[in-house]
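Asks: my questions are about this predicted structure, shown below with the sequence.
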Amino acid sequence: GQNIDQPTEMTATEGAIVQINCTYQTSGFNGLFWYQQHAGEAPTFLSYNVLDGLEEKGRFSSFLSRSKGYSYLLLKELQMKDSASYLCAVRSGGYQKVTFGTGTKLQVIP
Amino acid sequence: DTAVSQTPKYLVTQMGNDKSIKCEQNLGHDTMYWYKQDSKKFLKIMFSYNNKELIINETVPNRFSPKSPDKAHLNLHINSLELGDSAVYFCASSHGKLAGAGETQYFGPGTRLLVL
């Protein structure tokens, strides 16, 4: 089976940097996704990692360590609109089965 | 143009009824999915189809039956609805079933089902 852990909630200040961690245990690891989900809306894709290291995309970066079963999403220069849930999702096996974590609800305060 | 669309957006019904949710994608993707997101916001895969073939079938009551008439459509029929079926149901699509870099899933807007 799979086990994906994320903090339930985080609070950060506008303009600051926040790091959201995700740890996972799975067999047949085949990639890790981060999605953003605003309240009442659908998840939208943020980043994808399959190799160890850091992937940077504008204000968002995602890091992966396969040996440690660990990833983080780094959000820089936080804006109020970044208040949302951030879902870590792990793909495993040959088919497109993606298992989602329970998500981290981020609140950005002025 | 909406990439992944679902109907209806809201569905309120009585326990014991049978209802269907429809999903369509115009992205030319081969794979489509149904997810259930409960009140605790946990997003759980239910089914996945690749080119009309069922490839993922998680432990879901057999009251739930997916149907894919073609690769652009994936419908979900639910028989004998129960209170615990109340949730948001998301449809999603992606390119294909083979592992590859960046197989992003694109989600529909969700169907909010409330069973009374």
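Replies: Looks like it came in fine.
Asks: and the most centrally placed residue in chain B, what are its bridge partners?
Replies: Ranked by distance to the mean C-alpha position of chain B (CA atoms, centre = their mean), the top residue is residue B:34 at 2.6 Å. Here residue B:34 shows beta-bridge partners residue B:47, residue B:91, assigned using DSSP bridges.
Asks: give the contact list for it.
Replies: With CB atoms under 8 Å, 6 or more residues apart in numbering or on different chains as the criterion, the residues that contact residue B:34 are B:23, B:45-48, B:66, B:74, B:76, B:89-91. Every residue, glycine included, has its C-beta placed from N, CA and C.
Asks: ok, residue A:102 next?
Replies: When contacts are counted by CB under 8 Å, 6+ apart, residue A:102 is found next to A:4, A:6, A:8, B:40-42.
Asks: please redo it, this time with the cut-off set to 10 Å
Replies: Listed by CB atoms under 10 Å, 6 or more residues apart in numbering or on different chains, the contact set of residue A:102 reads A:4-8, A:85, A:87-88, B:40-43.
Asks: of the residues you listed, buried ones?
Replies: Among the contacts of residue A:102, those buried by neighbour count (16 or more other CB atoms under 10 Å in any protein chain shown) are A:4, A:6, A:85, A:87-88, B:41, B:43.
Asks: dump these to TSV, plus distance to residue A:77 and pLDDT.
Replies: What follows is these, written out as TSV (distance: CB to CB, whole Å; pLDDT from 0 to 100):
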residue	distance to residue A:77	pLDDT
A:4	27	94
A:6	22	96
A:85	20	97
A:87	22	97
A:88	22	96
B:41	26	82
B:43	28	92
